[in-house]
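Student: here is a sequence together with a model predicted from it:
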Amino acid sequence: MSGTMSRRTFLGSAALAAAAVTRCAAAQSSPRVVVIGGGFGGATCARELGQKGLAVVLVEPEPTYTACPFSNAVIAGLRPIVAQQFKLGMPGPDGVNIVRQLAVQVDPWNRRVGLADGSSIDYDRLVLSPGIDIRFDALPGYDEDASLVLPHAWKAGEQTVLLQRQLEAMDDGGTVIIAAPSNPFRCPPGPYERASLIAHYLKMNKPRSKLLILDAKDSFSKQRLFQDAWRELYPSMIEWVPLSSGGKVIEVEPKSKTLVTDFDRHTGDVVNVIPPQRAGKIAQAAGVADRSGWCPIDPVTFESRLQPNVHVIGDACIAGGMPKSAFSANAQAKVCAAAVASLLRGETPAAPKLINTCYSLVAPDYGISVAGVYRPVDGVLTDVEEAGGTSPQNAPPSFREQEATYAEAWFKTITSEVFG
Ligand code: FAD
């Protein structure tokens, strides 16, 4: 093993967890991998690396992780927010040391991560899985204060509950508006699953109400399946306005709950703005995000194309045809952990194949899905033709019901694997 791979000095702080890492550092001589972010990507990767016998430090400030998948069901009043919440253990799974801090700096030259309390941790390889940042600078009128009136609910937690309460407080006959962003963004089918479940809530509780989707694009994931289901389950309740019909929101007026498009102004009673996004802030600080705001990677190792020894997985990375999903983040984390272990042994990682499946609920007993298989082709993760697909059109209700059951089973399985 080269000198640069050996354990390097840990510049500790008074923080207890960090002190534990320092003690651990003195006892171990294997290379250290630091993982930033304890969500679907980061927690999976840390666990996999730990299982491979590597010294792993997981940096995550939040003691409780609130999962986005199924958070649309919380908004529709179908499940409590606590069903979305998971605790990361201390000490972490599989010998992973968890440091409860926000990472604020990365010095790729000295391979050092700076933490919010002023301490730092050295690494041999770094994995970033910080998820997304909402771009509060991208849509005129939509800043952090505006999100307290017009929630985005695109990071699960308080925002999810806020949107749910606003729906509950709305009178029958009201108008709900969802503003959907252009690609790429976290969870491509998410806005349309949200529209479906909100329509379900309105149908059951406020049937004279309407739902308008103002979209910054002309097509979306599982579009035919969603639109067929809307005609069947929520006739004349949902209206979708695509980009080409003036659906793109160009300005927000929070006080009057008004969204301005190229051709029109739309005022709602409950307005959900899903704004443009980019890789989590630490990715910008580490110098691994390009001008798009997302992080280019080598699809075999998930190593950054901009900084050596730094890997980026999950929503933050540019994963070619792979959508930004929890399923993808989990799959990428496993490939990345195997690649990091190979690289630290001085071996060449094998080219991977990755799978993604995204379930969406159109109603509590009506599920649809899309699946894909991806492999690196000319440096880009590319769809393997004929290897994936969507749920069939015109399937019987029993089939849709089964898919809703599979969705729930998938969520239970992935969350117990990642956070259990
Ligand atoms: P995250 O899960 O967001 O984790 C990021 C973690 O990093 C967080 O815990 C955060 O606290 C931490 N962090 C950030 N910055 C720092 C820092 N500087 N220092 C330390 N820690 C930091 N996906 C599916 O597969 N199926 C679904 O059905 C599905 N439904 C969805 C529905 C909605 C409404 C939404 C919004 C998303 C949905 N998703 C779904 C997408 C899924 O939630 C994301 O793709 C997934 O969470 C990405 O994982 P990640 O690890 O990249 O980021």
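Tutor: Received, thanks. In this text the structure is predicted, and so the values were computed from the model without any measurement.

Student: find the closest residue to the ligand in the stretch 1-150 of the chain.
Tutor: Ranked by CB to the nearest ligand atom, the top residue of the stretch 1-150 of the chain for proximity to the ligand is Gly39, at 1.9 Å. The way it works is simple: take the backbone N, C-alpha and C, and place the C-beta from them, glycine included.

Student: which residue packs closest to that residue, ignoring adjacent ones?
Tutor: Nearest non-adjacent residue to Gly39, counting by CB to CB, 6 or more residues apart in numbering: Gly131, 5.5 Å away.

Student: isn't that neighbour right next to Ala316, touching?
Tutor: Yes - checked against CB atoms under 8 Å, the pair Gly131 and Ala316 is within contact range at 6.6 Å.

Student: show me which of the two is the more surrounded one.
Tutor: For Gly131 against Ala316, the residue with the higher neighbour count under other CB atoms under 10 Å is Ala316, and the figures read 32 against 22.

Student: quick one: the residue in the stretch 201-350 of the chain that the ligand sits nearest to from Ser398, how far?
Tutor: As assessed by CB to the nearest ligand atom, the ligand sits closest to Gly314 within the stretch 201-350 of the chain, at 2.2 Å. Look at Gly314 and Ser398: by CB to CB, to the nearest Å, they are 35 Å apart.

Student: more neighbours: those two, which one.
Tutor: Summary of the neighbour comparison: Gly314 and Ser398, criterion other CB under 10 Å, with Gly314 having more neighbours (33 against 9).

Student: just confirm that one contacts Lys334, I think it does.
Tutor: No - taking contact to mean CB under 8 Å, the distance of 12.0 Å between Gly314 and Lys334 leaves them out of contact.

Student: ok so, going back, next one, pLDDT for the residue nearest to Gly39 please.
Tutor: Listed pLDDT for Gly131 reads 98.

Student: name the helices or strands packed onto the top helix by length along the chain?
Tutor: When every helix of the chain is counted residue by residue (DSSP state H), the longest turns out to be helix 397-419. Contact here means 3 or more CB pairs under 8 Å, 6 or more residues apart in numbering; DSSP states H and E; on that basis helix 397-419 packs against helix 40-51, strand 85-87, helix 326-344, strand 354-363, strand 366-377.

Student: what's the burial count for the residue nearest to Lys52 when sequence neighbours are not counted?
Tutor: What sits nearest to Lys52 in space, not counting adjacent residues and going by CB to CB, 6+ apart, is Ala341, at 4.7 Å. In terms of burial, Ala341 registers 20 neighbours under the definition other CB under 10 Å.

Student: could you do Arg79 as well?
Tutor: A total of 16 residues lie near Arg79 under the criterion other CB under 10 Å.

Student: you'd agree it is up against Asn72?
Tutor: No - taking CB under 8 Å as the definition, Arg79 is not a contact partner of Asn72, at 9.8 Å.

Student: pLDDT score for Leu88?
Tutor: pLDDT, Leu88: 83.

Student: count the neighbours of the nearest residue to it once chain neighbours are set aside for me.
Tutor: Counting by CB to CB, 6+ apart, Gly38 is the residue found nearest to Leu88 once chain neighbours are left out, at 5.0 Å. Here the count is done by other CB under 10 Å, and Gly38 has 27 residues near it.

Student: tell me how far Gly38 lies from Pro140.
Tutor: Here the criterion is CB to CB. By it, Gly38 lies 34 Å from Pro140.

Student: quick check: residues of the chain near the ligand?
Tutor: Applying CB under 6 Å from any ligand atom, one finds that the chain approaches the ligand through 36-42, 59-62, 65, 68-69, 71-72, 102-103, 129-131, 154, 186-187, 190, 280, 282, 314-316, 324-327, 329, 358-359.

Student: just the buried residues from those, in PyMOL please.
Tutor: Selection of the buried residues among the residues of the chain next to the ligand in PyMOL, burial being defined by 16 or more other CB atoms under 10 Å:
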select buried, resi 36+37+38+39+40+41+42+59+60+65+68+69+71+72+102+103+129+130+131+154+186+187+190+280+282+314+315+316+324+325+326+327+329+358+359
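
Student: now name the helix or strand holding Ser221.
Tutor: Assigning secondary structure by DSSP states H and E places Ser221 outside every helix and strand.

Student: ok, how many other residues are close to it?
Tutor: Neighbour tally, Ser221, other CB under 10 Å: 20.

Student: does it touch Phe185 like I think?
Tutor: No - if you go by CB under 8 Å, Ser221 and Phe185 don't touch, sitting 10.9 Å apart.

Student: between these two, which contacts overlap?
Tutor: Applying CB atoms under 8 Å, 6 or more residues apart in numbering, one finds that no residue jointly contacts Ser221 and Phe185.

Student: and Gly3, what pLDDT?
Tutor: As summarised for this prediction, Gly3 has a pLDDT of 32.

Student: give the bridge partners for Gln105, please.
Tutor: Using DSSP bridges, the bridge partners assigned to Gln105 are Gly114.

Student: is it true that it touches Ser119?
Tutor: No - using CB under 8 Å, Gln105 and Ser119 do not qualify as a contacting pair, with a distance of 11.2 Å.

Student: which one of those two has more residues nearby?
Tutor: Between Gln105 and Ser119, counted using other CB under 10 Å, Ser119 has the larger neighbour count: 21 against 13.

Student: pLDDT score for the more buried one?
Tutor: Ser119 is given a pLDDT of 98.

Student: my guess is Val176 is in a strand, correct?
Tutor: Yes - inclusion of Val176 in a strand is indicated when DSSP: H, G, I helix; E, B strand; the rest coil is applied.

Student: distance check, it against Val74.
Tutor: If you go by CB to CB, the gap between Val176 and Val74 works out to 16 Å.

Student: for those two, indicate the residue with more neighbours.
Tutor: Applying other CB under 10 Å to Val176 and Val74 shows that Val176 carries more neighbours, namely 27 against 23.

Student: in this structure the residue nearest to Leu88 contacts Pro63, no?
Tutor: No - applying CB under 8 Å, one finds Gly38 not in contact with Pro63, separated by 9.6 Å.
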